[in-house]
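[1] The following block contains a protein sequence and its predicted model.
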Amino acid sequence: MGWQELFRKLQDAEVEDRGELVEEFVEDRKGYEEDHYVDLKVLDFADRKVDRDSRGDLAQEASAFANADGGLIIWGFEELTQEGKRTGYMKEPVDNPEDAAEKLRTLSGECTLPPIPGMRSEPAPLGEEPGRGYVVTLVPKSDYAPHQAHMGPGDVTGKYFQRAGGRALVMQHGKLDDMFGRRPRPVLVPEIYFKKVWQKSEEKSEEKSEEKIEQKSEEKIEQKSEEKIEEKIDPAAVGIGWVLVNKGPGTAFGVTLEVALSLVNSEDKTEYMAAEKFDIGADRMEAATGTDTECNSRSARASCFISLQGMPIRCDGGKAKMMCVRFDFRECKEWHEKTMSFDGTRKAELCVGWTIGAQNMRTVRGSFLLQVNKETIQAMRRMIEGPGQSRAIQGTPGEPLHLSTEHLSPDGAPVREADSEAGES
């Protein structure tokens with residue numbers, strides 16, 4: 001019985017005595033229990049936790065098999081050696097094999113970078129020993145090699161392994177260079193869209209209480225007015241939603257997106273410190289759950305960073321919704337009226353710079369530029385008061401992409417002068 005057939009049987013719900021089936025498989029291989037496709041390991045599993053050494057074994061063997069031709073890790077056997085040579089094996093069944101298999105499935109997505117697609121673990125309980133048995137982990141040959149071990153002791157994590165001669169050997173530079181060279185590469189480009197953002201705001205209101213006069217030792221006591229802060233939902237912010245599209249033949253792993261917003265003079269590109277009035281910030285979107293986000297708001301240059309770990313973007317059109325960058329429309333309008341409109345000579349642009357990175361892909365950069373003027377301010381107001389979202393706009397690396405009122409409209413139509421005048425009345 002071959003190793004692939006063994007795993008197919010373990011996946012069959014009608015197969016009984018799975019633990020005995022694994023023991024029979026190992027016994028039939030006596031003398032060459034471990035080879036290019038099979039490795040035996042002891043699993044230290046207690047209190048629903050896999051210990052550090054076993055995590056290292058998982059990462060090392062997963063990296064080695066995926067970077068070679070695939071194979072099986074059979075948990076529950078200890079290799080016996082004498083003077084550096086294999087002399088046999090000893091059974092060390094795993095406690096609670098079902099729970100252990102579930103935990104190994106969870107660790108499979110974390111043990112290597114990038115994660116190995118199709119990696120699975122199946123329990124093989126022993127019929128004669130309830131609560132004990134074996135676990136078998138399938139590691140398929142990967143089209144996204146090389147894979148780096150990403151957990152365990154220091155002599156394992158951060159290294160690339162490959163299966164050869166029944167052992168997991170550290171890969172040499174030449175092999176790594178060859179694998180990286182032939183791997184299909186992703187090509188990521190951003191798509192943005194403007195939308196209305198509902199957010200909480202604070203509104204101050206004064207409530208003066210009536211003057212209460214109490215006769216107490218012939219003294220008048222006046223109850224002072226109290227200031228109340230009420231919270232309400234306000235659609236006063238304009239959001240810029242970000243979607244990354246993979247147009248390349250390779251899946252994108254370890255994706256990062258950095259966005260920087262600044263207000264610049266459109267002639268000499270110097271920054272206006274008044275951008276702090278825009279109340280710029282960033283919100284994570286639902287697809288980015290579990291990522292790390294750092295936002296520095298209320299500054300002349302507001303930057304936001306988000307990374308997707310373990311969430312690949314598939315090739316040939318795969319998409320990932322990353323985050324929404326927002327700024328306060330009312331502050332933008334007020335700043336424009338006070339600063340830019342008094343003599344008509346100053347000009348300003350909202351510069352939205354972006355940087356995208358991923359494994360096996362060169363970092364790409366670009367920017368969107370939007371003139372801050374009467375027409376764009378009106379288009380923003382129309383969006384907040386109307387449909388609430390514009391069409392998608394695709395960015396290009398390198399040269400800035402200049403936006404207009406057409407990009408702020410849901411149907412791509414420019415804001416007409418009549419609309420502008422109607423909105424001002």
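    Structure's in. What do you need?
[2] Quick check: buried residues in stretch 123-130?
    123, 124, 125, 126 (16 or more other C-beta atoms under 10 Å). No exception for glycine: its C-beta is placed from N, CA and C like everyone else's.
[3] continuing past the helix or strand containing the second one, what's the next helix or strand?
    Taking DSSP states H and E as the definition, one finds residue 124 inside strand 120-125. If you walk from strand 120-125 toward the C-terminus, the next helix or strand you reach (DSSP H and E) is strand 132-139.
[4] Near the residue lying closest to residue 379 once chain neighbours are set aside, how many other residues are there?
    Among residues not flanking residue 379 along the chain, residue 408 sits closest, at 3.9 Å (C-beta to C-beta, 6 or more residues apart in numbering). When neighbours are defined as other C-beta atoms under 10 Å, residue 408 has 25 of them.
[5] how near is residue 408 to residue 333?
    Here residue 408 is placed at a distance of 14 Å from residue 333 (C-beta to C-beta, to the nearest Å).
[6] shared neighbours, those two?
    Common contacts of residue 408 and residue 333, defined by C-beta atoms under 8 Å, 6 or more residues apart in numbering, comprise residue 380.
[7] Over to residue 175: give its phi and psi.
    phi -70, psi -40 (degrees, to the nearest 10).
[8] Confirm that residue 249 lies within a helix, as I assumed.
    No. Using DSSP: H, G, I helix; E, B strand; the rest coil, the assignment for residue 249 is coil, not a helix.
[9] Tell me how many other residues surround it.
    Neighbour tally, residue 249, other C-beta under 10 Å: 12.
[10] swap in the one 4 residues further on?
    When neighbours are counted by other C-beta under 10 Å, residue 253 registers 21.
[11] List the contacts of the closest residue to it other than its chain neighbours.
    Distances taken as C-beta to C-beta, 6+ apart place residue 114 nearest to residue 253, at 3.5 Å, with adjacent residues excluded. Going by C-beta under 8 Å, 6+ apart, residue 114 touches 144, 147, 251, 253, 254, 312, 359.
[12] switch the cut-off to 10 Å
    Neighbour list for residue 114: 66, 142, 144-148, 150, 251-254, 309-310, 312, 358-360 [criterion: C-beta atoms under 10 Å, 6 or more residues apart in numbering].
[13] do residue 9 as well
    Going by C-beta under 10 Å, 6+ apart, residue 9 touches 1, 15, 18, 21, 22, 25, 122, 124.
[14] quick one: what helix or strand has it in it?
    helix 3-11.
[15] do residue 59 as well
    Per DSSP H and E: helix 52-66 holds residue 59.
[16] again with residue 402
    Going by DSSP H and E, residue 402 is part of strand 401-403.
[17] taking the mean pLDDT, what do you get for that strand?
    What strand 401-403 shows for mean pLDDT is 89.
[18] Return the distance of it from the chain's centre.
    27 Å (C-alpha atoms, centre = their mean, to the nearest Å).
[19] Tell me which residues are up against it.
    Strand 401-403 is touched from outside by 192, 194, 266, 349-350, 352, 366-371, 376, 390, 393-395, 407, with contacts defined as C-beta under 10 Å, 6+ apart.
[20] Name the residues of that strand that are buried.
    For strand 401-403, a neighbour-count test (16+ other C-beta under 10 Å) marks 401, 403 as buried.
[21] Partner strands of that strand, with direction?
    strand 361-371 (parallel) (DSSP bridges).
[22] And the helix or strand following the strand it pairs with, what does it pack against?
    Counting by DSSP H and E, the next helix or strand C-terminal to strand 361-371 is helix 374-385. Helix 374-385 makes packing contacts with strand 188-207, strand 226-246, helix 329-335, strand 361-371, helix 417-424 when contacts are defined by 3 or more C-beta pairs under 10 Å, 6 or more residues apart in numbering; DSSP states H and E.
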